[in-house]
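> Structure here, sequence nowhere to be found:
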């Protein structure tokens, strides 16, 4: 991998990491009991978050487990493959904590499409990670994580 590719990948990783760090801080400030469906969704997406955080550590050179990139990308892809199904049940009337906005079910076609893209992009990332081609990995990583913030902004409290 060339230095410019590494620098671009590290910059992307820093931006994605900062976005997830702010999400984590805000989620930690309001600890409330989740209802079962909310907890299940949350736990599935936490797998994505933690795998992503570890990928960012590797790309930034803070962790020296480059051989884990394919496994971490596979965790992201596996969780993404289940994500849409965890939202199919409309839980707007359930009691307890959730970060899911009503807009999910009010705009199901848009949300569903975003989840399908998320699933496809993380599957592509997992395939690229298996090749070990870091030039392609950076682009696939950017694509797989590119819509996270826009989806969270629109559909997550």
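Noted; the coordinates are in hand. On a predicted model such as this, the values are computed, not experimentally measured, just so you know. Numbering: from 1, shown residues only.

> if you skip the residues just before and after it, what's nearest to the most centrally placed residue in the chain?
The residue lying closest to the centre of the chain (CA atoms, centre = their mean) is residue 48, at 4.7 Å. Leaving aside its sequence neighbours, residue 48 sits nearest to residue 79 (CB to CB, 6 or more residues apart in numbering; 4.7 Å). All C-beta spots, glycine's among them, are computed from the backbone N, C-alpha and C.

> got a list of what the one you found touches?
44-45, 47-48, 51, 122 (CB atoms under 8 Å, 6 or more residues apart in numbering).

> Helices - which of the residues you listed land there?
Among the contacts of residue 79, the members found in helices (DSSP state H) are 44-45, 47-48, 51, 122.

> ok, of those residues, which one's closest to residue 89?
Each of those was checked against residue 89 using CB to CB; the closest is residue 44, at 13.3 Å.

> From residue 117, how far out is the closest one?
17 Å (CB to CB, to the nearest Å).

> Is residue 90 in a helix, a strand, or coil?
Recorded secondary structure, residue 90: coil (DSSP: H, G, I helix; E, B strand; the rest coil).

> how about the residue lying closest to it once chain neighbours are set aside, what does it touch?
Distances taken as CB to CB, 6+ apart place residue 105 nearest to residue 90, at 4.6 Å, with adjacent residues excluded. Listed by CB under 8 Å, 6+ apart, the contact partners of residue 105 are 90, 92, 111.

> can you map out the helices along this protein?
Using DSSP H, helices in the chain cover 3-29, 36-59, 69-87, 103-106, 108-131, 134-146, 148-155.

> Select, out of those, the one closest to residue 97.
helix 36-59 (6.3 Å).

> buried residues in that closest one?
37-38, 41-42, 44-45, 47-49, 51-59 (16 or more other CB atoms under 10 Å).

> that older thread, can you pull the contacts of the residue nearest to the centre of the chain?
Counting by CB under 8 Å, 6+ apart, residue 48 touches 75-76, 79-80, 83, 122.

> still on that earlier bit, ok, which of the helices of the chain comes nearest residue 96?
helix 36-59 (6.3 Å).
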